[in-house]
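Peer 1: quick one, fold the following:
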Amino acid sequence: MSPRSLVAAAAVVAAALVSLSAAATAECVPGEFKDGWLLEQETKGGHTVDRHVAKSDAWLIDRLSREPKISAASSFPDRVTARQVIGLALSPDKTDLDDWATKAKGGDVAEIRMAFEQPIGRLVQRGTAAAVPAHGLRLFVMADGTGRCHLLTAYPTTHQ
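Peer 2: This next block holds a predicted model:
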């Protein structure tokens, strides 16, 4: 084999190893949802904390008046609750979501819904003036095109 062929072959092997390494580390759903995970998702374009964590009933009602296209506004009581229920919803689907993310194009979105026995937050429907307990969770993750994804949003709902 000529030196040029050896260099070309080495480049192909190196590219394959980089590709395998990236595939091995590609992860949409973390193995553990640490305390700062939700805030990290906000830096990647998510808005769960900004719009759905620790919001008062008055804030939710005001949001409905500011945003006429949404039918309801909801909030988790705190960041700990939000992180816990999001983790409960994502963990069972980790393998499927990681696989989806490796094949998805950047900007593709996956949705997950889950119901809980106990309320996970509060929700105000348009046309009402009072919050009701929310027992459902709806969340969306967005692929980045490299085998990873981020939490776009997650919020309590009245049903799954």
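Peer 1: for the chain, which segments are assigned as helices?
Peer 2: Ranges of helices in the chain, per DSSP state H, are 3-25, 37-43, 48-52, 57-66, 79-90, 94-103.
Peer 1: how about stretch 133-147: buried residues?
Peer 2: Judged by neighbour count (16 or more other C-beta atoms under 10 Å), stretch 133-147 contains these buried residues: A134, H135, G136, L137, R138, L139, F140, V141, M142, A143, D144, G147. Every C-beta, even on glycine, is put in place using the N, C-alpha and C of the backbone.
Peer 1: what do you get for stretch 89-105?
Peer 2: Neighbour-count burial for stretch 89-105 flags A89, L90, D93, L97, D98, W100, A101, T102, A104 (criterion: 16+ other C-beta under 10 Å).
Peer 1: dump the residue contacts of the fourth one.
Peer 2: What that stands for is L97. Shown in contact with L97 (C-beta atoms under 8 Å, 6 or more residues apart in numbering): C28, V29, L90, A110, V141, C149.
Peer 1: and the gap between it and G46?
Peer 2: 15 Å (C-beta to C-beta, to the nearest Å).
Peer 1: next one: the fifth one
Peer 2: Applying C-beta to C-beta, one obtains 18 Å for the distance of D98 from G46.
Peer 1: so what's the nearest residue to K44 once chain neighbours are set aside up against?
Peer 2: Distances taken as C-beta to C-beta, 6 or more residues apart in numbering put H150 closest to K44, at 3.9 Å, once the chain neighbours are dropped. Residues in contact with H150 (C-beta under 8 Å, 6+ apart) are Q41, K44, G45, G46, V141, M142, D144.
Peer 1: per-residue pLDDT, the last one?
Peer 2: This means D144. We have a pLDDT of 94 for D144.
Peer 1: I'd guessed it sits against K105; true?
Peer 2: No: using C-beta atoms under 8 Å, D144 is not in contact with K105, being 9.5 Å away.
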